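Q: what's the 3D shape of this:
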Amino acid sequence: RSSRNVVDALPSDSSAQQLPADILVLIFLLGTVEDGELPVAASQVCFHWRRVAISCPLLWCKLRPDGRVHLNRTRIVRRRSLPLDVEIDDSPHVSARTSPTLAKLHSQLSSTLPFLSSWHSLSINITSHYPYLWNTLLSKLCSKSGTSSAPLLQRLSLVYPSNDDDKEFLLFGEQAPRLQDLRLHGIRLRWTPGLFGNLVHLDYIHQVVTPAHDAVQEVLSMLATSCRLQTLSIGFQSTSRISPNSWSSRKPITSVSLVSLERL
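A: The predicted structure is shown next:
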């Protein structure tokens, strides 16, 4: 349900508005899983609900920057010291109902960078085509300095099926030691142990390059680095582009051992 539907489904008389705080928190948390706007809607019902919502930091950990600068800052403050779940997409935001430009997407992600060390997850899901999207969005995450590390990051999802750039990106200064859950579609990342050595779950769509042998070798090299995988989903998306990197001069990888794999 939407946040407004969840709120409206609760009784509106005075006795219902005085539901015990622990029950209200549970209801709010369950609703937030489906709709990140629920904490805002719930906090505007009455004084009691507002006090309960604001006093629960877990309700404010999901941050979807969308141009509402004051609200985003309020969320960050209310989540106190808890890690942040950052979501970026190109769907119309709540207030303007207009699709964002590439500049706006960049601004949204940049507004969260001061809190990079508190990121628990990052999800970027782009459906439209934007030239050089990843160069624009990820430039400040590709620094090799310690300031770009993500010590608390556990989940990363980068989805952009319309990607037309085969550039490899090296994220977070090669330092994301807690990263365990990764979803990639439409991006090439430099696969280093400091980033992907502890992966447990990988959902990966490889944009096939020519020749196909290079694509196979690249994937095998990735799996050799992420040898602790428990679940693996892998697919291939055809493209006529040629990879800027050639694997022909490297020693071929003929086999990979994934001893912890439970589901393929």
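Q: Show me where the stretch 101-250 of the chain has its strands.
A: Under the criterion DSSP state E, counting those that start in this stretch, the stretch 101-250 of the chain contains strands at 119-125, 155-159, 168-169, 181-185, 188-189, 201-207, 231-237.
Q: Among those, which comes closest to residue 100?
A: strand 119-125 (12.3 Å; C-beta to C-beta). Using the backbone N, CA and C atoms, a C-beta is placed for each residue, glycine as well.
Q: Please dump the strands of the stretch 101-250 of the chain into TSV; it should also carry mean pLDDT for every row.
A: Converted to TSV, those look like this (pLDDT from 0 to 100):
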stretch	mean pLDDT
strand 119-125	94
strand 155-159	97
strand 168-169	91
strand 181-185	97
strand 188-189	92
strand 201-207	93
strand 231-237	92
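Q: Looking at the ones you listed, spot the one closest to residue 84.
A: Closest approach to residue 84 among those (C-beta to C-beta): strand 119-125, 5.5 Å.
Q: Show me what the closest one is packed up against.
A: Counting contacts by 3 or more C-beta pairs under 8 Å, 6 or more residues apart in numbering; DSSP states H and E, strand 119-125 packs against strand 84-89, strand 155-159.
Q: can you list these in JSON lines and add distance to residue 100 and mean neighbour count?
A: Shown next, in JSON lines, are those (distance: least, C-beta to C-beta, whole Å; neighbours: other C-beta atoms under 10 Å):
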{"stretch": "strand 84-89", "distance to residue 100": "9", "mean neighbour count": "20"}
{"stretch": "strand 155-159", "distance to residue 100": "16", "mean neighbour count": "20"}
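Q: can you tell me which of those strands comes nearest to residue 55?
A: Across the helices and strands packed on strand 119-125, the minimum distance to residue 55, taken as C-beta to C-beta, is reached by strand 84-89, at 18.5 Å.
Q: roughly how far out does the closest one sit from the chain middle?
A: The chain centre lies 6 Å from the centre of strand 84-89; the measure is C-alpha atoms, centre = their mean, to the nearest Å.
Q: Show me what that strand is in contact with.
A: Strand 84-89 is contacted by residues 36, 61-65, 76, 105, 108-109, 112, 115, 118-127, 137 when judged by C-beta atoms under 8 Å, 6 or more residues apart in numbering.
Q: 7 Å instead, please
A: For strand 84-89, contacts defined as C-beta atoms under 7 Å, 6 or more residues apart in numbering pick out 61-65, 105, 108-109, 112, 115, 118-126.
Q: cool, and stretch 65-83?
A: Contacts of stretch 65-83 (C-beta under 7 Å, 6+ apart): 54, 57-58, 60-61, 63, 88, 93-96, 104, 108, 111-112, 115, 118-120, 152.
Q: are any of those residues buried, and which?
A: Burial by neighbour count, 16 or more other C-beta atoms under 10 Å: within the contacts of stretch 65-83 this picks out 54, 60-61, 63, 88, 93, 104, 108, 111-112, 118-120, 152.
Q: Which pair of these spans the longest distance?
A: The span of the buried ones among the contacts of stretch 65-83, defined through C-beta to C-beta, is set by 54 and 104 at 28.3 Å.
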